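S.K.: Predicted coordinates and the sequence they were generated for:
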Amino acid sequence: MANEKKIFIAEDNHHFCELYRMALGAEGYEVHFAYNGKEALEKIPGVGPDLVILDVMMPEMDGYEVCHKLRDLPQFAMTPVIMLTALSTDEDRIKGYQVGADDYITKPFSLKVLKARVASILERSAVKKVEAPPSVPPPVRPAAPASEPVIQPAQPIVLKEEVIAAPAKPTTPARRLNPTDDALEQLFGAPVPPGSNILILGSLGSGKSFFSRLFLAHGLKKGEKCMFVCVDDDPSMVRRELGAKYALDISGCEGQDQMRFVDAYSWSGGRTSSEEKFAITGRLELADLSALISDAGAELGQTDRLKKGGRRAVDSISSLFLNFELPYVQRFLAFLARSGHFADVSTIFVVEQGACDDQTLNNIKYIMDGVVEFRNEDQKFLGRVQTMKWGTPRAEWVDVTQS
């Protein structure tokens, strides 16, 4: 049973840790964390996990060194280890296997893939622990009479070595975004109608959250009203990122009723209180979150009566699928989509690839005006428009990376 298994994850990105906790916890696993390599080595012996997942790039001690030191401990010599990394060369993989890793997952990846790999490696590990029955010598076959033909033993079947497909040819982006122009309009190749609802879909580390911040930054620079609904990120961190990366006075924007934050992260992070004006501080209910978004929107004039328009980003909706029944999540998203449409507020919804099944994802896409797919390749964020209700999308990848 999954709920009998303990998984230890060493990952320095707290946002990724939260997604791993929710995804694997929903499968019944007991999940423990460390945020650097040294802390992982200190905690793992006390936890005694059935599986260890190590990010390669960590402060103080990288995942390779942690794995190597872990294999020197007799009690963890056979504990399965999965390495997570954005490094994808053969040399990186070989290094992981040389220090004792059992599996290797390259970022970005979907939560669905992570859950499948975890279940598979735990199943294989359990089989290895089953004691094999004692071998019994084969019975002695009496010698055949001279007249009886001698049957030669069957020859072993030799399987051909599996042919490994060549890696896909790297994507060549058709164009790059101009840093000074509106990112969303450039991505779609045309002006985006006010009140549009856009779904941003991609794996971990593919640039979805980066784009949601870029989307709001361009809106703030144009003097538009903007709202950030924080579900998987701390609002204070988003403030710092917007201010530092895009040279924005976020406190000034808030003071002039141009920017609002809605904090659902404090709840998901286990806090009992929040300094935010619009925050979930007790049990999260989607009706309460809807009310907070409406209240924050009223202060910005983002209502169907005032129609001051602007932008919203909901980052992300992935954890909602792990905490609520699907009908409630779909109704919540439909409410936000309708309210944004009637208030002329364009909204970006960020979702992790694999956070929900294909049928649910199709239902969500149906209520959206546009769907954008994101991926990470050669340390570049690439985006491609899948659908747009106001025009025909171009089947091209666009480099949205901006330093």
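M.R.: In hand now; what should we look at?
S.K.: From Ser196, how far off is the spatially closest residue to Asn197 that is not a sequence neighbour?
M.R.: Take Asn197 and drop its neighbours on the chain: the residue closest to it by Cβ to Cβ, 6 or more residues apart in numbering is Ala337, 4.4 Å away. Yep, even glycine has a C-beta here, placed from its N, CA and C like the rest. Here Ala337 is placed at a distance of 10 Å from Ser196 (Cβ to Cβ, to the nearest Å).
S.K.: before we move on, what about Ser203?
M.R.: 24 Å.
S.K.: Same check on Val371?
M.R.: 11 Å.
S.K.: So what's the gap between the strand or helix carrying the residue nearest to Asn197 and the chain middle?
M.R.: In the assignment (DSSP states H and E), Ala337 maps to helix 326-342. Relative to its chain's centre, helix 326-342 lies at 22 Å (Cα atoms, centre = their mean, to the nearest Å).
S.K.: Which residues does that helix contact?
M.R.: Helix 326-342 is contacted from outside by 195-197, 286, 289-290, 293-294, 297, 302, 304, 312, 314, 317, 320-321, 324, 345-347, 349, 356, 360, 363-364, 367-368, using Cβ atoms under 8 Å, 6 or more residues apart in numbering.
S.K.: elements contacting the next helix or strand after it?
M.R.: Once the chain leaves helix 326-342, the next helix or strand it forms, by DSSP H and E, is strand 345-352. Under the contact criterion of 3 or more Cβ pairs under 8 Å, 6 or more residues apart in numbering; DSSP states H and E, strand 345-352 touches strand 197-202, helix 208-221, strand 310-315, helix 318-323, helix 326-342, helix 358-367.
S.K.: To Thr387, which of the ones you listed lies closest?
M.R.: Judged by Cβ to Cβ, the one of the helices and strands packed on strand 345-352 that comes nearest to Thr387 is helix 358-367, at 7.0 Å.
S.K.: So which other helices or strands are in contact with that closest one?
M.R.: Looks like helix 358-367 contacts strand 197-202, helix 326-342, strand 345-352 (3+ Cβ pairs under 8 Å, 6+ apart).
S.K.: avg pLDDT for the shortest one?
M.R.: What it means is strand 197-202. Computed over strand 197-202, the mean pLDDT rounds to 97.
S.K.: repeat for the longest one
M.R.: Over the span of helix 326-342, the pLDDT mean works out to 90.
S.K.: repeat for the last one
M.R.: In this model, strand 345-352 has an average pLDDT of 97.
S.K.: Now do the same contact list for Gly354.
M.R.: Contacts of Gly354 by Cβ under 8 Å, 6+ apart are 110-115, 203.
S.K.: which pair in these spans the largest distance?
M.R.: For the contacts of Gly354, and using Cβ to Cβ, no pair is farther apart than Lys115 and Ser203, which are 13.4 Å apart.
S.K.: Which of the two has more residues huddled nearby?
M.R.: Ser203 (21 against 18; other Cβ atoms under 10 Å).
S.K.: So the closest residue to the more buried one other than its chain neighbours: helix, strand or coil?
M.R.: Among residues not flanking Ser203 along the chain, Pro108 sits closest, at 3.4 Å (Cβ to Cβ, 6+ apart). Here Pro108 is recorded as coil under DSSP: H, G, I helix; E, B strand; the rest coil.
S.K.: need the contact list for Pro108.
M.R.: 86, 202-206, 375-376.
S.K.: Sort out for me which of the residues you listed are in helices.
M.R.: With helices taken from DSSP state H, there is no overlap with the contacts of Pro108.
S.K.: Just put those in JSON lines and tack on distance to His14.
M.R.: Below are these laid out as JSON lines (distance: Cβ to Cβ, whole Å):
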{"residue": "Ala86", "distance to His14": "17"}
{"residue": "Gly202", "distance to His14": "19"}
{"residue": "Ser203", "distance to His14": "18"}
{"residue": "Leu204", "distance to His14": "13"}
{"residue": "Gly205", "distance to His14": "14"}
{"residue": "Ser206", "distance to His14": "18"}
{"residue": "Arg375", "distance to His14": "23"}
{"residue": "Asn376", "distance to His14": "19"}
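S.K.: What mean pLDDT does stretch 52-70 get?
M.R.: The model assigns stretch 52-70 a mean pLDDT of 92.
S.K.: For it, list every residue counted as buried.
M.R.: 52-58, 61-67, 69-70 (16 or more other Cβ atoms under 10 Å).
S.K.: So Phe261: helix, strand or coil?
M.R.: Taking three-state DSSP, the label given to Phe261 is strand.
S.K.: Number the residues from 412 up from this point.
M.R.: That works, and once the first residue is 412, the last one we named lands at Phe672.
S.K.: Can you read off the pLDDT for Lys540?
M.R.: Lys540 is given a pLDDT of 50.
S.K.: what about the helices in the stretch 412-561 of the chain?
M.R.: Using DSSP state H, counting those that start in this stretch, the helices of the stretch 412-561 of the chain run over 425-437, 448-458, 474-482, 501-509, 522-540.
S.K.: winner for burial among these?
M.R.: Here the criterion is mean neighbour count by mean count of other Cβ atoms under 10 Å, and of the helices of the stretch 412-561 of the chain the winner is helix 474-482, at a mean of 21.
S.K.: any residues touching it, and which ones?
M.R.: 421, 448, 451-452, 455, 463, 465-469, 487-488, 490, 492, 494-496, 506-507, 510-512.
S.K.: Poorly predicted segments of the stretch 662-811 of the chain, please.
M.R.: By pLDDT under 70, the low-scoring segments of the stretch 662-811 of the chain are 679-684.
S.K.: how is this protein carved up into domains?
M.R.: 413-540, 586-810 (automatic domain parsing).
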